[in-house]
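Peer 1: My questions concern the predicted model and sequence given below.
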Amino acid sequence: MTNQTNLRSRSGFGQELDRITLERARRGDMDACAAIYRRFGSACFNLALRILGERAAAEDVVQEVFLKMINTLSGFRGDAPFGVWLKRLTANATIDALRAGQRFADEDPEAFFASIASRAIDADARVDAWSLLMRLPPRARAVLVLHELEGYTHKELSELFGQSESYSKSILARALKRLGDPGQPVVTREGELATCASNL
Amino acid sequence: MREQPLNDEPLHPVLAKLPVFTADAELWPRILAEHAKRQPARFRYRWIAMASAAAVVAGAILMLPRNGTEPTPLDGQRESQALENEWRALAPAPSRPTADIARLYMIDAALQSAYDRGAHADELQPLWQQRNEALRGLILTARTDTVTRI
């Protein structure tokens, strides 16, 4: 069963990496790099997938992230935990993929939220969580996922997107509202109906 | 960036219900293959240079009388070079690495890592054997493809 605590920990970037594996990977030991992939690959993949919404694109991001990790790990000084460093690589690569795919080009979250303001979600709609997330425009998904699931601050988001902090706050507030009332029924991917409020 | 716990506010239930997906099992071999492909040639085959240097030393040892017939890393390396030449003569360069080629790259990476660490012959010899088995598989595939095309 998914719950808040599980989801936060299962995002996976908060896991510890032992110093021996890290040192071996720094020296170019590919077995150690494989061990890092086994530990953090899923976290990278799901972060990219939740924002990009396409499996192939998310796998391309994971590939780029780990290639970069292999090539730059020798310069990792350990000022921040390894998972935080890898999360930053993944988030940056994902946003780059969004930009490269022109997914931002035709997207104006302001206009999107304005256009749907008058269209309330059907209170009886049994929409699963993934579909609800995918209904948001890519930039809104990115703000939502990075802030709510990965712990980015609005200051960091403003730097990432080249926008003001109030911009990401506005996008986040409306994206959360668009996801629905926390008391509204939500269906899991497996079709399980859960009352949101009961999981809080 | 904040560390976990992220904040004290409850997570939106929709986000709490998000599924966790698994990446393609072939993704890591693909990453390794791409890593090997992007390496400059001089770096990619650094382990071959290291193996060759080791071969000079090993050659001197081989000149000495041998009591046993155990294969050495040098034997494996020689056979590997012959097999690789045979495979490259048979198979055109693929546009995207196949799973078999990805496996070969993984073994190459393991060999490079082993030579970097100054690994002992006991560790090197099985890796050369694995490489030769992988090359034999590639040769067989290339021959089959050639017959099919004819």
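Peer 2: Cool, got the structure.
Peer 1: Could you find the closest non-adjacent residue to the residue most central in space within chain A?
Peer 2: Geometric centre of chain A, nearest residue: residue A:47, 3.5 Å, by C-alpha atoms, centre = their mean. Nearest residue to residue A:47, sequence neighbours excluded (C-beta to C-beta, 6 or more residues apart in numbering or on different chains): residue A:90, at 5.2 Å. Where you see a C-beta, it was placed from the backbone N, CA and C, and this is true even at glycine.
Peer 1: Tell me how many other residues surround the one you found.
Peer 2: 28 (other C-beta atoms under 10 Å in any protein chain shown).
Peer 1: for residue B:102, same thing?
Peer 2: By other C-beta under 10 Å, the residues close to residue B:102 number 21.
Peer 1: same check, this time on residue A:66
Peer 2: Look at residue A:66: counted by other C-beta under 10 Å, it has 27 neighbours.
Peer 1: can you pull the contacts of the nearest residue to residue B:84 once chain neighbours are set aside?
Peer 2: Once flanking residues are discounted, residue B:84 sits nearest to residue B:135: 5.8 Å by C-beta to C-beta, 6+ apart. Going by C-beta atoms under 8 Å, 6 or more residues apart in numbering or on different chains, residue B:135 touches B:80, B:83-84, B:86-87, B:104.
Peer 1: cutoff 6 Å now
Peer 2: Residues in contact with residue B:135, defined by C-beta atoms under 6 Å, 6 or more residues apart in numbering or on different chains, are B:83-84, B:87.
Peer 1: What strand or helix carries it?
Peer 2: Element membership of residue B:135, judged by DSSP states H and E, is helix B:121-149.
Peer 1: mind listing what's buried in that helix?
Peer 2: Within helix B:121-149, the residues that qualify as buried are B:121, B:124-125, B:127-132, B:134-135, B:138-139, B:141-142, counting by 16 or more other C-beta atoms under 10 Å in any protein chain shown.
Peer 1: now do stretch A:61-79
Peer 2: Neighbour-count burial for stretch A:61-79 flags A:61-67, A:69-70, A:73 (criterion: 16+ other C-beta under 10 Å).
Peer 1: sorry, back to before: highest neighbour count among the contacts of residue B:135?
Peer 2: Counting neighbours by other C-beta under 10 Å, residue B:87 leads the contacts of residue B:135 with 21 neighbours.
Peer 1: In this structure it contacts residue B:136, no?
Peer 2: No: counting by C-beta atoms under 6 Å, residue B:87 stays clear of residue B:136, with 8.7 Å between them.
Peer 1: The helix or strand hosting residue B:80: what's the following helix or strand?
Peer 2: Residue B:80 belongs to helix B:73-90 when assigned by DSSP H and E. Sequence order places helix B:99-116 as the next helix or strand after helix B:73-90, per DSSP H and E.
Peer 1: what helices or strands is that next one leaning on?
Peer 2: helix B:27-38, helix B:46-62, helix B:121-149 (3 or more C-beta pairs under 6 Å, 6 or more residues apart in numbering or on different chains; DSSP states H and E).
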